[in-house]
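here's my sequence, what's the structure:
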Amino acid sequence: MNPPPPEPNQNQPPYGLPTSDESGSDDDQPNQETKSSSNHSHSSSSPTSFSPSISTTTTPISSSASTNSLTEREVYSFGQNSYGELGHGHTEERRVPVRIEFCRGKNIVCIAAGNEHTCLLSDTGVVYAAGYNDSGQCGTGNSGRVPSLQAVESFRGHGVVKLISSNGCEHTSAVTEDGELWTCGYNARGQLGHGNKTHQSVPRLIESLRAYRVKHVSCSYYHSIVACEDGKIFGFGRNDYGQLGLGHNEDKLRPTPITFFNGQRIIDIACGQYHSLVSVGSGGIFAFGKNDYGQLGIVPNEPKWHPVMVTGSEALQSGEIIPRIACGYYHSLALKKDGTVFSFGRNDYGQLGLGNNEGSRVPKQIDALSTLAIREVTSGCYHSIALTRTGSVYVWGRNNHGQLGIGTTDDCNTPSRIDALIHKTALQVTAGFYHTLILTGSPDDEVGSLSLSGVNNFNTNNNNNYNGMYSKKKKKKKNLL
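Sure thing, here's the model as predicted:
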């Protein structure tokens, strides 16, 4: 696990943008424990061996790219690369977006970034993974690190339509076309949902959710929140600050219903390191868990074991539906239907995007994004990302490994556009601990429920509708409970 970071440099950095890929040494070493290599298996079953030919060539974005390359679906990565998590077949970090050559022609539809591992999903349902794997989070059947992207055989045949690994977590979740949830990786607090604390190196079905159709999953290092098609919402894993929203602080090794939300339509969910957010169909956001930095958007700052509505800002308590929410380790983001973004919580690296490094215990609008029509927000542990409806990407926050993709390692407390992507249309963005992935394609391309067509593309019935990713007809699952 990565320990809390040191206090940031108080000198304000310049925000200049580069013209080339600067990949020199970084004086700021990763602030984390030294992770020893191990090759023992955490599971008695191992998947079929698979060794694809991996290209180690990396191609920075060129503004003179051909018309065909502009519409081809591509994946770009940048930031920390200690274990090959950028997918380039080496461990050199990158400070600007670099195309992952391995993904060419594979028609990637979903990207996920964990602590120091990456997972990708093709339109044929093949899962690829690379990076840190000491707890089996890559799903390869062992704990050996995965230095280059490879197909994960254990996912084949399950009909995976969505991958989730975010906000520095060391486990991976996969949703199938039948609404099943499979998990693997680090499990010290029961965050895999299997009723034990055993790490899992091969994806395993969460049996207690078999009767439900899982629609959306959010996870952090120690806990997970799951929303199902019938409106039920479950929490499992670590709960010492009430981050599961159950009204107590006892860990749960299996999915446990968060009964507070019974009868509510769930719009979006997000997990921070020790806190959680839920956006509901009746309007507004509910928060629960640790609140030492104001990451719940609630004053005073004691933890909340029950969900409490975020009321610190008039803009977020008017009953309006909030289509998107996101959490870093200790900060939170909220996106309104009009495309404006609000942030609250810890801000020592500028991750709130407010133009300063002062934390906020109440939601504040990010003025620099107010005219940009934002359609998606996400967050790494200490950096934040916004995607506009025209496919541009804006970044801010911690940048010690180049995870902002702007060519430097200077932190940014105001959103900066990734100019290296100006000739690309971003469809998806995701962030791990210190690395970032971006999926690009055609402006009218659809990836899952995401499409850049139209002005207001928010699906307030459910923000993760997987229909459209495959032409294969989905089977209806009978709810047995």
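
going forward, measure contacts and count neighbours with C-alpha atoms only.
OK.

can you pull the contacts of residue 369?
By CA atoms under 8 Å, 6 or more residues apart in numbering, the contact set of residue 369 is 340-341, 415.

what backbone torsions are found at it?
When read as degrees, to the nearest 10, the backbone of residue 369 gives phi -100, psi 0.

for residue 344, what are its contacts?
Listed by CA under 8 Å, 6+ apart, the contact partners of residue 344 are 294-297, 331-333, 352, 359-364.

how about low-confidence regions in the stretch 301-450 of the chain?
313, 317-318, 446-450 (pLDDT under 70).

can you show me the strands along it?
Assigned by DSSP state E, counting those that start in this stretch, the strands in the stretch 301-450 of the chain fall at 304-309, 324-327, 331-335, 341-345, 360-365, 374-379, 383-388, 393-397, 412-417, 425-431, 435-441, 446-447, 450-451.

and these as TSV, adding distance to residue 234?
Output for the strands of the stretch 301-450 of the chain, formatted as TSV (distance: least, CA to CA, whole Å):
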stretch	distance to residue 234
strand 304-309	13
strand 324-327	17
strand 331-335	20
strand 341-345	25
strand 360-365	26
strand 374-379	22
strand 383-388	26
strand 393-397	31
strand 412-417	34
strand 425-431	23
strand 435-441	28
strand 446-447	26
strand 450-451	25
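
ok, which of the ones you listed comes nearest residue 152?
Closest approach to residue 152 among those is made by strand 435-441 (19.0 Å; CA to CA).

what ranges do the helices span in the chain?
For the chain, the helices defined by DSSP state H cover 67-71.

so what's the residue most central in space within it up against?
Nearest to the mean C-alpha position of the chain, counting by CA atoms, centre = their mean, stands residue 166 at 3.5 Å. Residues near residue 166 by CA under 8 Å, 6+ apart: 112-115, 218-220, 380, 430-433.

grab the nearest non-local neighbour of it.
Distances taken as CA to CA, 6 or more residues apart in numbering put residue 114 closest to residue 166, at 4.7 Å, once the chain neighbours are dropped.

what sits against that neighbour?
Taking CA under 8 Å, 6+ apart, one finds 165-172, 431-433 in contact with residue 114.

mind putting those into TSV with distance to residue 76?
Listed next are these as TSV, based on distance: CA to CA, whole Å:
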residue	distance to residue 76
165	17
166	17
167	18
168	19
169	21
170	21
171	22
172	20
431	12
432	14
433	16
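
name the nearest of the residues you listed relative to residue 314.
Relative to residue 314, and with distances defined as CA to CA, the nearest of the contacts of residue 114 is residue 167, at 27.9 Å.

verify the stated contact: the closest one with residue 431.
Yes. At 6.8 Å, residue 167 counts as touching residue 431 under the criterion of CA atoms under 8 Å.

list residues touching both of those two?
When CA under 8 Å, 6+ apart defines a contact, the residues bordering residue 167 and residue 431 alike are 113-114, 379-380.

ok, so of those residues, who is nearest residue 388?
The closest of the shared contacts of residue 167 and residue 431, once distances to residue 388 are taken by CA to CA, is residue 379, at 14.9 Å.

residues near the closest residue to the closest one other than its chain neighbours, how many?
Leaving aside its sequence neighbours, residue 379 sits nearest to residue 328 (CA to CA, 6+ apart; 5.2 Å). Around residue 328 there are 32 other residues, counting by other CA atoms under 10 Å.

need the contact list for residue 328.
For residue 328, the contact set (CA under 8 Å, 6+ apart) comprises 167, 271-273, 379-384.

rerun that using 10 Å as the cut-off
By CA atoms under 10 Å, 6 or more residues apart in numbering, residue 328 lies in contact with 166-168, 220, 270-275, 295, 345-346, 351-352, 378-384, 431-433.

just to revisit the earlier point, can you list the shared contacts of residue 167 and residue 431 in a markdown table and add distance to residue 83?
Output for the shared contacts of residue 167 and residue 431, formatted as a markdown table (distance: CA to CA, whole Å):
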| residue | distance to residue 83 |
| --- | --- |
| 113 | 13 |
| 114 | 12 |
| 379 | 21 |
| 380 | 17 |
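
quick one: which of the residues you listed is nearest residue 95?
Using CA to CA, residue 380 comes nearest to residue 95 of the shared contacts of residue 167 and residue 431, at 15.6 Å.

how far away is residue 280 from residue 80?
35 Å (CA to CA, to the nearest Å).

how about residue 376?
Separation of residue 376 from residue 80 (CA to CA) stands at 23 Å.

try residue 259
Taken as CA to CA, the span from residue 259 to residue 80 is 39 Å.

the two: which has the busier surroundings?
More neighbours surround residue 80 than the other of residue 259 and residue 80, with 27 against 14 (other CA under 10 Å).

what residues are up against that one?
Applying CA under 10 Å, 6+ apart to residue 80 gives the contacts 26, 30, 86, 91-95, 116, 399-403, 432-436.

what sits against residue 260?
233, 245-247, 306-308.

distance between stretch 281-289 and the chain's centre?
20 Å (CA atoms, centre = their mean, to the nearest Å).

swap that for stretch 303-317, sorry
Relative to its chain's centre, stretch 303-317 lies at 23 Å (CA atoms, centre = their mean).

skipping its backbone neighbours, what lies nearest residue 352 in space?
The nearest residue in space to residue 352 (CA to CA, 6+ apart) is residue 343, at 5.4 Å.

what about that neighbour, how many residues close to it?
Close neighbours of residue 343, defined as other CA under 10 Å, add up to 29.

ditto for residue 263
By other CA under 10 Å, the burial measure for residue 263, its neighbour count, is 10.

from residue 281, how far off is it?
Distance, residue 263 to residue 281, using CA to CA: 10 Å.

kindly report the same for residue 442.
Distance of residue 442 to residue 281, given as CA to CA: 31 Å.

which ones are touching the closest residue to residue 386 other than its chain neighbours?
Using CA to CA, 6+ apart and skipping residues adjacent in sequence, the residue nearest residue 386 is residue 377, 4.5 Å away. For residue 377, the contact set (CA under 10 Å, 6+ apart) comprises 324-327, 333-335, 341, 384-388, 393-395, 428-430.

cutoff 8 Å now
Neighbouring residues of residue 377 by CA under 8 Å, 6+ apart: 324-326, 333-335, 384-387.

in JSON lines, list those residues along with neighbour count.
Below are these laid out as JSON lines (neighbours: other CA atoms under 10 Å):
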{"residue": "324", "neighbour count": "26"}
{"residue": "325", "neighbour count": "26"}
{"residue": "326", "neighbour count": "27"}
{"residue": "333", "neighbour count": "30"}
{"residue": "334", "neighbour count": "27"}
{"residue": "335", "neighbour count": "23"}
{"residue": "384", "neighbour count": "31"}
{"residue": "385", "neighbour count": "26"}
{"residue": "386", "neighbour count": "29"}
{"residue": "387", "neighbour count": "24"}
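
list just the nearest of those to residue 254.
Nearest to residue 254 among the contacts of residue 377, counting by CA to CA, is residue 326 at 23.6 Å.

contacts only, for that closest one.
By CA under 8 Å, 6+ apart, residue 326 lies in contact with 269-271, 277, 332-334, 377-379.

quick check: bridge partners of it?
With DSSP bridges applied, residue 326 shows beta-bridge pairing to residue 333.

how near is it to residue 300?
21 Å.

leaving out chain neighbours, which residue sits closest to residue 207?
residue 194 (7.4 Å).

pretty sure that neighbour contacts residue 256?
No. Using CA under 8 Å, residue 194 makes no contact with residue 256, being 11.6 Å away.
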